[in-house]
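Trainee: What follows is a predicted protein model with its sequence.
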Amino acid sequence: MNQISYDALDKGRIMCYSFSTLKFKYLKEINMKRIFALLCAVMMMAMLFTSCAVEETIIVGYTLYDPMNFEDENGNLVGFDTELAQAVGEKLGYAVNFQLIDWPRKYTELNSGSIDCIWNGFTANTADDDGVARSEKVDFSYNYMRNKQVIVTTADIAATVADETSLAGKVGAVEASSAGDTYLTENLTGAVKNGVTSQLSAMRELVLGTADFVVVDDQLAKAYVGTGDYKNLVIVETISGTEEFYAIGFRKGSELTAKVNKALEELAADGTIAALAEKYGVSNTVITDFSDQK
């Protein structure tokens, strides 16, 4: 083979090598771009699904409180508020999750975003023990149930109660930062307040003898007094608080307030609320006509 043939062969090899190198670099760049695009798409989808999950879930803050939210014999959460919240969620197309909270921290939990609403026999027309009306702290739904504060004690003590001054010097257990707490502070002058974590904790203090009386919601008192460990307790008939209303508390400016109100109207119209009230024994206090609250 002559010199010209060798030169041509070398040039061909160089050209083939250069072409192969360029082709490899090009394919590598294309593949990297495809991988990068795929990763971006995956990240966007993950962000989209995360956003949807947040938007489609309502986290309900509650405490154990029969007949509103309590556990049945199998440990399942049931109750009027529990089932009403689930019915509202179904109407709106939201999943409903329940989160047990420490009642005195309810506003902290709500404003931090840990929960979306306070739905647990939450009295709307009252102030907290700081003197600030609850309506200044949260946006309330329609009032959906009537309530009042009542005094529960032993039969012996109940027989001595003529008016609110009769409990002076006696220890009263109340759920801290509750409507009962406010009632005791403002009306039972001279009584010694023992603030505890829940209304049921207050009832247990009474059973154990570490409190002389408790101030609790009428709904709860009727559910427990005369049964089980509370069979020897009675509701004081001579005095009680003024009429209260339960409503659902949302963060200020929450879009959920209007949506839940609309769902409540629909559930009242189709008989769901009345049926739940009958199931849980609160038919005499439930509200199913919201026309005067619009």
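Mentor: Now that the structure is in, tell me what you want to look at. From a predicted model like this one, the values you see are computed outputs, not experimental measurements.

Trainee: ok, residue 182 - contacts?
Mentor: Going by C-beta atoms under 8 Å, 6 or more residues apart in numbering, residue 182 touches 126-129. Placement of C-beta: from N, CA and C, glycine included.

Trainee: helix/strand/coil for it?
Mentor: Under DSSP: H, G, I helix; E, B strand; the rest coil, the three-state class of residue 182 is helix.

Trainee: What distance do you get for it to residue 73?
Mentor: In this view, residue 182 and residue 73 are 34 Å apart by C-beta to C-beta, to the nearest Å.

Trainee: before we move on, what about residue 240?
Mentor: Plainly put, residue 240 is 32 Å away from residue 73 if you go by C-beta to C-beta.

Trainee: One more: residue 60?
Mentor: 22 Å.

Trainee: neighbour count winner among those two?
Mentor: More crowded of residue 60 and residue 73, by other C-beta atoms under 10 Å: residue 60, with 24 against 5.

Trainee: Now name the helix or strand holding the more buried one.
Mentor: Per DSSP states H and E, residue 60 falls inside strand 57-62.

Trainee: all strands for the stretch 51-200 of the chain, in order.
Mentor: Along the stretch 51-200 of the chain, the stretches classed as strands by DSSP state E, counting those that start in this stretch are 57-62, 70-71, 77-78, 95-100, 117-118, 139-140, 145-147, 149-154, 171-175, 192-196.

Trainee: Buried by neighbour count: which residues of the last one qualify?
Mentor: Meaning strand 192-196. 193-196 (16 or more other C-beta atoms under 10 Å).

Trainee: cool, and the fourth one?
Mentor: If you call a residue buried by 16+ other C-beta under 10 Å, then strand 95-100 has these buried ones: 96, 98.

Trainee: ok, and what's touching that strand?
Mentor: Counting by C-beta under 8 Å, 6+ apart, strand 95-100 makes contact with 56-64, 69, 77, 82, 85-86, 88-89, 109, 114-115, all of which sit outside it.

Trainee: Got a quick PyMOL command for the buried subset of those?
Mentor: Here is the PyMOL command that picks out the buried ones among these, judged by 16+ other C-beta under 10 Å:
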select buried, resi 58+59+60+61+62+63+64+69+77+82+85+86+88+89+109+115
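
Trainee: The contacts of residue 182, buried ones only, as a PyMOL selection?
Mentor: One line in PyMOL is enough to select the buried ones among these; burial here means 16+ other C-beta under 10 Å:
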select buried, resi 126+128+129
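
Trainee: from the contacts of residue 182, which single one is nearest residue 260?
Mentor: Minimum distance to residue 260 across those is 20.6 Å, recorded for residue 126 (C-beta to C-beta).

Trainee: Can you tell me, leaving aside adjacent residues, what's nearest to the closest one?
Mentor: Excluding the flanking residues, the one nearest residue 126 by C-beta to C-beta, 6 or more residues apart in numbering is residue 179, at 4.9 Å.

Trainee: That neighbour: neighbouring residues, count only.
Mentor: Neighbours around residue 179, by other C-beta under 10 Å: 26.

Trainee: Look up how far residue 66 lies from it.
Mentor: 17 Å.

Trainee: likewise residue 289?
Mentor: From residue 289 across to residue 66, the span is 26 Å (C-beta to C-beta).

Trainee: returning to that earlier point: looking only at pLDDT, what's the mean for the strand holding residue 60?
Mentor: Mean pLDDT, computed over strand 57-62, is 97.

Trainee: now the angle between strand 95-100 and it, please.
Mentor: Relative orientation of strand 57-62 versus strand 95-100 (axes from the mean of the first three to the mean of the last three C-alpha atoms, to 10 degrees): 30 degrees.

Trainee: can I have strand 57-62 written out in PDB, keeping just the CAs?
Mentor: Written as PDB, here are the backbone C-alpha positions of strand 57-62 (Å, rounded to 0.1, in the frame of the first residue of the first chain):
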ATOM      1  CA  THR A  57     -58.000  17.300  54.400                       C
ATOM      2  CA  ILE A  58     -59.600  19.000  57.400                       C
ATOM      3  CA  ILE A  59     -57.900  18.300  60.700                       C
ATOM      4  CA  VAL A  60     -60.300  18.600  63.600                       C
ATOM      5  CA  GLY A  61     -59.100  19.400  67.100                       C
ATOM      6  CA  TYR A  62     -61.100  17.700  69.800                       C
END
